[in-house]
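Colleague: Fold the following for me, if possible:
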Amino acid sequence: MPKMKSVKGAVKRFKIKKSGKIKRGTAFRSHILTKVDGAHHRANRSPKYITNNADAAKIREMII
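Modeller: The predicted structure is shown next:
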């Protein structure tokens, strides 16, 4: 039986850190940021992680 292929879209969007957490991107960061207030801008700068365990399991399955 052939090996299962990873979902390339998921591989590009998520990274599994050494601690086992799954790092994700954040929305609304690409353009037209002059209208966005500073607090929102700074909040988007910090790294985001998947918090729901069910989602994390599905993402791990897609990546590995």
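Colleague: From residue 53, how far out is the residue nearest to residue 64 when sequence neighbours are not counted?
Modeller: Distances taken as C-beta to C-beta, 6 or more residues apart in numbering put residue 6 closest to residue 64, at 6.8 Å, once the chain neighbours are dropped. Quick note: C-beta positions are derived from backbone N, CA and C, even for glycine. Noted for residue 6: a distance of 20 Å to residue 53, by C-beta to C-beta, to the nearest Å.
Colleague: Kindly list the main-chain dihedrals of the residue positioned nearest the centre of the chain?
Modeller: With distances taken as C-alpha atoms, centre = their mean, residue 24 lies nearest the centre of the chain, 1.5 Å away. Dihedral pair for residue 24: phi -130, psi 160, per degrees, to the nearest 10.
Colleague: Return the helix or strand in the chain with minimum mean pLDDT.
Modeller: When the helices and strands of the chain are compared on mean pLDDT, DSSP states H and E, helix 38-45 comes out lowest with a mean of 92.
Colleague: which of the residues in it are buried?
Modeller: Residues of helix 38-45 include none that count as buried (16 or more other C-beta atoms under 10 Å).
Colleague: Report the mean confidence score over stretch 9-27.
Modeller: The pLDDT scores in stretch 9-27 average 95.
Colleague: any idea how far that stretch is from the chain center?
Modeller: 4 Å (C-alpha atoms, centre = their mean, to the nearest Å).
Colleague: Who are the packing partners of the biggest helix by length in the chain?
Modeller: Ranked by residue count and defined by DSSP state H, the top helix of the chain is helix 53-63. Secondary-structure packing of helix 53-63 (3 or more C-beta pairs under 8 Å, 6 or more residues apart in numbering; DSSP states H and E): helix 8-13, strand 22-24.
Colleague: Kindly export that helix (C-alpha atoms) in PDB.
Modeller: Once non-C-alpha atoms are left out, helix 53-63 reads as follows in PDB (Å, rounded to 0.1, in the frame of the first residue of the first chain):
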ATOM      1  CA  ASN A  53      -7.400  19.900  20.500                       C
ATOM      2  CA  ALA A  54      -9.800  18.400  17.900                       C
ATOM      3  CA  ASP A  55      -8.500  20.800  15.200                       C
ATOM      4  CA  ALA A  56      -4.900  20.200  16.300                       C
ATOM      5  CA  ALA A  57      -5.300  16.500  15.800                       C
ATOM      6  CA  LYS A  58      -6.800  16.900  12.300                       C
ATOM      7  CA  ILE A  59      -4.000  19.300  11.300                       C
ATOM      8  CA  ARG A  60      -1.300  16.900  12.600                       C
ATOM      9  CA  GLU A  61      -2.900  14.200  10.500                       C
ATOM     10  CA  MET A  62      -2.800  16.300   7.400                       C
ATOM     11  CA  ILE A  63       0.800  17.400   7.900                       C
END
